[in-house]
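> What follows is a predicted structure for the sequence shown.
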There are 2 protein chains.
Amino acid sequence: MENNRYKNIPHKTIERLSQYRRALQIAAEKGKTNIFSHEIAALLHITAVQVRRDLMLIGYSGSLRKGYDINDLIHLIGELIDSPKGQKVAIFGMGDLGRAIINYFQGKREKLQITVGFDINPEKTNRKIAGIPCYHLEKITEIISNEGIKIGILTVPGDQADETVRLMVEAGIKGILNYTPTPVEVPDDVYLEEYNMISSLEKVAFYVKEKG
Amino acid sequence: MENNRYKNIPHKTIERLSQYRRALQIAAEKGKTNIFSHEIAALLHITAVQVRRDLMLIGYSGSLRKGYDINDLIHLIGELIDSPKGQKVAIFGMGDLGRAIINYFQGKREKLQITVGFDINPEKTNRKIAGIPCYHLEKITEIISNEGIKIGILTVPGDQADETVRLMVEAGIKGILNYTPTPVEVPDDVYLEEYNMISSLEKVAFYVKEKG
DNA sequence: TCCATTTTGTTATTCATTTAACAGTGCAAA
DNA sequence: TTTGCACTGTTAAATGAATAACAAAATGGA
């Protein structure tokens, strides 16, 4: 029925696969060729069972005596989570956070590149910021559709979140990572991931208070 | 047995309470005094049942006809998640992300203030950055214990994460928000929250690919 | 040869969280 | 009054995720 075999993988597993890959790449750089589930687990501070279960879900089998072949596994995870041609990412809001994210990503992931930024401040448009070209938000439709960009990171001020998301969706963005403190809504065919930094910090503060 | 009544509140509820409060504050600024569960739900794009269930868990009761009293509820959430005197927060790693977080937080939360930063780069120490004083990491014990800081945000490069966390724990930090791509480990009496930006973006990319 | 060890792959169980169901209540209008 | 409506508060069911349990396989050594 579906043309892909991965529809039923839990969201949390997808996140971990991304982390497994990073750990595996570091291990590979150190010259390691094989790795056991408990070694991966130790690197991520999770359990070996969880690693094996995740790998089972993507249909990868290791060898009983040598564990998993690092290069094979990196390759398989890549096949699962990357797009073959790579995906371009746009960033909306060139404030401190936006620029920090761009710098943070530079060169980190070959298949996922932030290629353009948008802002409404004339001082931040029609020039390069942190190495990427930035345009006024009014050019969104033109640029997003020309470049075939499907993924957007939202870092505008909270009170502009709703309107910016509306424009993003209209322009054809299909996946949004929302870093504003404002929850937004998207149509069913757009994937939304929200992260609220303040909530996270308040959560930490709460548990620190409770433990003390 | 326990001296607090909130030990059994789900983690996810704590996160949402922080978001409820923000939404309530905005509503209050607009002159609203009462609010229904379905109105809060609409603001956060969640369900009214979930709002009511969360509020039930913290023992707050609304009025059948007028809904919830906004000021009461803001106050109650504050009592639950804030410390009466406020809590100071230190940031470790004064790179782009560290500075962005500081600017992002400025004046946002009265009870939670980033008051000091640490780095190992001499160019970034013994001066103010983004308005807060920054010191060399070797002063950590002195400053953290003098100031009574219990919460730390980690934004150092991934390969320095483990060592920095070790120092943080040693210096008395009891809650860590880890924004590096490296998972870290802490003793049982330290609360750890990790967020991996790259995993999040790769997750978005994965679901965009799958839907398309 | 056979036994102990170590590891994988998978099913079963437990735990956490969300969603659904519904009883109870107060007001307003007939 | 009484009926209907629009809420709240709470218990029950369903879903999602992590953990536990264990069979099966491969190796090395007794």
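Arrived safely. Quantities reported herein were computed from a predicted structural model and do not represent experimental measurements. Residues are numbered from 1 along each chain as shown, chains lettered A, B, ... in the order given.

> those strands in chain A, which residues are they?
Ranges of strands in chain A, per DSSP state E, are A:34-35, A:68-69, A:87-92, A:112-119, A:127-129, A:132-136, A:151-154, A:175-178, A:191-194.

> now the ones you listed as JSON lines including mean neighbour count and distance to B:K139?
Backbone N, C-alpha and C define where each C-beta goes, glycine included. Shown next, in JSON lines, are those (neighbours: other C-beta atoms under 10 Å in any protein chain shown; distance: least, C-beta to C-beta, whole Å):
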{"stretch": "strand A:34-35", "mean neighbour count": "20", "distance to B:K139": "39"}
{"stretch": "strand A:68-69", "mean neighbour count": "21", "distance to B:K139": "43"}
{"stretch": "strand A:87-92", "mean neighbour count": "25", "distance to B:K139": "35"}
{"stretch": "strand A:112-119", "mean neighbour count": "21", "distance to B:K139": "35"}
{"stretch": "strand A:127-129", "mean neighbour count": "11", "distance to B:K139": "34"}
{"stretch": "strand A:132-136", "mean neighbour count": "17", "distance to B:K139": "36"}
{"stretch": "strand A:151-154", "mean neighbour count": "26", "distance to B:K139": "35"}
{"stretch": "strand A:175-178", "mean neighbour count": "24", "distance to B:K139": "36"}
{"stretch": "strand A:191-194", "mean neighbour count": "19", "distance to B:K139": "36"}
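
> B:I176: which of those is closest?
In terms of C-beta to C-beta, the element of the strands of chain A nearest to B:I176 is strand A:191-194, at 21.9 Å.

> if we can go back for a sec, any chance of the strands of chain A in CSV, plus mean pLDDT and distance to A:L55?
Shown next, in CSV, are the strands of chain A (pLDDT from 0 to 100; distance: least, C-beta to C-beta, whole Å):
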stretch, mean pLDDT, distance to A:L55
strand A:34-35, 98, 11
strand A:68-69, 98, 7
strand A:87-92, 98, 24
strand A:112-119, 97, 22
strand A:127-129, 97, 40
strand A:132-136, 98, 35
strand A:151-154, 98, 26
strand A:175-178, 98, 25
strand A:191-194, 98, 23
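
> and of those, who's closest to B:N34?
B:N34 lies closest to strand A:191-194 among the strands of chain A, at 26.9 Å (C-beta to C-beta).

> How far does that closest one sit from its chain's centre?
Relative to its chain's centre, strand A:191-194 lies at 10 Å (C-alpha atoms, centre = their mean, to the nearest Å).

> As CSV, the strands of chain A with distance to B:E123 would be great.
Formatted as CSV, the strands of chain A follow (distance: least, C-beta to C-beta, whole Å):
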stretch, distance to B:E123
strand A:34-35, 39
strand A:68-69, 43
strand A:87-92, 27
strand A:112-119, 26
strand A:127-129, 22
strand A:132-136, 25
strand A:151-154, 29
strand A:175-178, 31
strand A:191-194, 35
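
> Out of the ones you listed, which is closest to A:I9?
Evaluated over these, closeness to A:I9 peaks at strand A:191-194, with 14.2 Å, by C-beta to C-beta.

> Show me what the closest one pairs with in its sheet, parallel or antiparallel.
Strand pairing for strand A:191-194, using DSSP bridges, gives strand A:175-178 (parallel).

> Could you spell out which stretches of chain A belong to which domain?
A:11-80, A:87-199 (automatic domain parsing).

> Can you tell me which of those domains is packed in deepest?
Of all the domains of chain A, domain A:87-199 has the most neighbours on average by mean count of other C-beta atoms under 10 Å in any protein chain shown, namely a mean of 18.

> how long is that domain end to end?
30 Å (C-alpha to C-alpha, to the nearest Å).

> Any residue of the top helix by length along chain A touching DNA strand C?
Counting by DSSP state H, the longest helix found in chain A is helix A:11-29. No. Figure legend: helix A:11-29 not in contact with DNA strand C (C-beta under 7 Å from any atom of the strand); closest approach 11.1 Å.

> Same question for stretch A:182-195.
No. Stretch A:182-195 is not in contact with DNA strand C by C-beta under 7 Å from any atom of the strand; minimum separation 12.1 Å.

> Show me the contact partners of that stretch.
A:154, A:158-159, A:161-162, A:165, A:169, A:173-179, B:19, B:43-46, B:195, B:200, B:203-204, B:207-208, B:211 (C-beta atoms under 8 Å, 6 or more residues apart in numbering or on different chains).

> give me that answer again for 7 Å
For stretch A:182-195, the external contacting residues (C-beta atoms under 7 Å, 6 or more residues apart in numbering or on different chains) are A:158, A:161-162, A:165, A:169, A:173-179, B:44-45, B:195, B:200, B:203-204, B:207-208, B:211.

> how close does the closest residue to DNA strand D within chain A sit to chain B?
For chain A and DNA strand D, the shortest gap (C-beta to the nearest atom of the strand) falls at A:P10, measuring 3.1 Å. For A:P10, the distance to chain B (C-beta to the nearest C-beta, to the nearest Å) stands at 11 Å.

> Name the nearest residue to that residue, sequence neighbours excluded.
Counting by C-beta to C-beta, 6 or more residues apart in numbering or on different chains, A:L57 is the residue found nearest to A:P10 once chain neighbours are left out, at 7.6 Å.

> Model confidence at the spatially closest residue to A:L17 that is not a sequence neighbour, what's the number?
Excluding the flanking residues, the one nearest A:L17 by C-beta to C-beta, 6+ apart is A:I77, at 5.1 Å. Looking at A:I77, its pLDDT stands at 98.

> and A:I77, what does it touch?
Residues near A:I77 by C-beta under 7 Å, 6+ apart: A:17, A:20-21.

> Beta-bridge partners for the most centrally placed residue in chain A, please?
For chain A, A:L177 is the residue whose C-alpha lies nearest the centre (C-alpha atoms, centre = their mean; 7.8 Å). On the basis of DSSP bridges, A:L177 is bridged to A:I153, A:E193.

> My guess is it contacts A:I153. True?
Yes. With contact defined as C-beta atoms under 7 Å, A:L177 reaches A:I153; the gap is 4.7 Å.
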